[in-house]
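Engineer: dropping a prediction and its sequence here:
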Amino acid sequence: MKIAFKIEYLFQFIAFILNPFLGLLSSLYYMFKKDRFVNAFTASLSISLIFIYLPIMYDCSSRFYLYFYQQKSSFLEINLYNKIIIFLHQLFHIEYMSVIYLYTTFIFYIWFFIFKYYKKYADSNKIILLMMIYFISSILYRNIMDLERFYLAVSILLLTIFIVEYKIIKMKALTILTIFFTSTLIHTGAFLLLPIFFISKINLNIKLLAILPILALVFSTNSYYYLSLLLDTPVFTLIDGQTMHLMKAYIDPNSIWGSKNMRYSLVFLRYIELPLMFLIYYKGLILLKNKDSLAIRMVLLLMILAIVFLPYVTLYERFSTTFFIFSIFIIYPVILKKKQDLLLYIILILFIIRFLFINYHIYGMIFTEKYNNVLPNENKKIEMILKPFYYPSVLLLWIDTNGYSDSYIRRESRRGKVY
């Protein structure tokens, strides 16, 4: 067994060295095969190396300029995410996209690591296939490569809750709080998971959890009024004026984050995601009846908050994204049941539809000639997209030379120069 283990890991690593697509395909093959070992590290290196050569999006370009212009700053005006990038550049001359590659690899490693854990309980290739369908349909390019600061912060917390839930490592309360604080330094949105974590430690009544989604829907119809009243309560008087102004902007329908007038595609996306969320929620309640679970309670509460913030673009996106990331604590155990039901297949179909709608309908244009708002050089973009198909990984890992270098982004990018 140990010899087979080493050979399979070695084979996947050699495939990655030859080419990232070969590395990814070999990893997917071993993911599918029962009693086979998938090298989570090699798999994450492979898919991340492919992603890093795909087109740069809006937020990533904006953060590049934040990093570039503040390399010699007091270090107090930027978040931990960019501080790490600046530190690695100043100490080891590692450029921006190379650090993004490390971030992306870490995010994917968490996903593959968790998949490996659940896979060992699968007793057939059919179950593994269903797990793979969920895994692949959860990968949204825009979320990982454009919301990567938020995605990184939430992924760190996902791994933390996973370790706590399955007692992989014994974590003290101080350690958990430190991880939450670190994630918040990467993205402040991660802070909202801390109260959810503590509330989830309470053994919430199943009947109460069953009616909360309906109450959340009723609340969301006039949520701006209720949330405005909430922010005016004495509890929030200690918050400084600038932060309070920002908080109110997130719930103001007329602000850029509230956005009363949403694009048709984003409205339609809600019609796909809402039934999916309710089905996952229902499955979570059933699991919770049979086994007490901190992680499942967190998933359910995240769905409640996503419903509350349904009318708002940014807040709904953040909470729904977190909900779908954490949904592994419900979906994988449901798939691992020996008897899968119709609702599970409907959930997986909705995940696939969501995957196709977001990756192809909403953001598919970033791979076409129409997408020139960030880096307008179309020939360069196509050249970069094709490189992972035929370049060996050894050369692709030299991102500063063969990929998007700092000098190229600074010279060509139209997005974020205001920094």
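Structural biologist: Yep, it's here. Since we're looking at a predicted model, the values are computed, not measured.
Engineer: longest helix in the protein, by number of residues?
Structural biologist: helix 264-290 (DSSP state H).
Engineer: pLDDT at Asp240, what is it?
Structural biologist: On the pLDDT scale, Asp240 is placed at 69.
Engineer: whoops, Glu77 was the one
Structural biologist: For Glu77, the predicted pLDDT is 58.
Engineer: burial count for Arg142?
Structural biologist: Residue neighbour count, defined by other Cβ atoms under 10 Å, stands at 16 for Arg142. From N, CA and C alone the C-beta is placed, and that goes for glycine too.
Engineer: right, I mislabeled it, should have said Lys170
Structural biologist: Per other Cβ under 10 Å, the neighbour tally for Lys170 reads 8.
Engineer: check Asp123 too.
Structural biologist: For Asp123, using other Cβ under 10 Å, the count is 10.
Engineer: what sits up against whichever helix or strand comes after the longest helix of the chain?
Structural biologist: Next helix or strand after helix 264-290 toward the C-terminus (DSSP states H and E): helix 294-308. Here helix 294-308 makes contact (Cβ atoms under 8 Å, 6 or more residues apart in numbering) with 161-162, 164-165, 192-193, 196-197, 199-201, 204, 209, 212-213, 216-217, 219-220, 223, 277, 280-281, 284-285, 287-288, 316, 319-320, 322-323, 326-327, 329-330.
Engineer: could I have the buried ones of the residues you listed as ChimeraX selection syntax?
Structural biologist: A single ChimeraX command selects the buried members of the contacts of helix 294-308 (16 or more other Cβ atoms under 10 Å):
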select :161,162,164,192,193,196,197,200,209,212,213,216,219,220,223,277,280,281,284,285,287,288,316,319,320,322,323,326,327,329,330
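Engineer: mind checking which of the contacts of helix 294-308 land in helices?
Structural biologist: Filtering the contacts of helix 294-308 for helices - DSSP H - leaves 161-162, 164-165, 193, 196-197, 199-200, 209, 212-213, 216-217, 219-220, 223, 277, 280-281, 284-285, 287-288, 316, 319-320, 322-323, 326, 329-330.
Engineer: contacts for the one helix or strand in the chain whose mean pLDDT sits lowest, please.
Structural biologist: Lowest mean confidence among the helices and strands of the chain (mean pLDDT, DSSP states H and E): helix 241-251, at a mean of 76. The set of residues external to helix 241-251 that reach it, using Cβ under 8 Å, 6+ apart, is 223-224, 227-228, 231, 236, 239, 255-258, 312, 314-315.
Engineer: repeat for stretch 356-368
Structural biologist: Stretch 356-368 is contacted by residues 54-55, 57, 140-142, 265-266, 268-269, 272, 371, 385 when judged by Cβ under 8 Å, 6+ apart.
Engineer: for Leu49, give its distance to Ile399.
Structural biologist: Here Leu49 is placed at a distance of 9 Å from Ile399 (Cβ to Cβ, to the nearest Å).
Engineer: what touches both of these two?
Structural biologist: Overlap of the contact sets of Leu49 and Ile399 (by Cβ under 8 Å, 6+ apart) consists of Tyr101.
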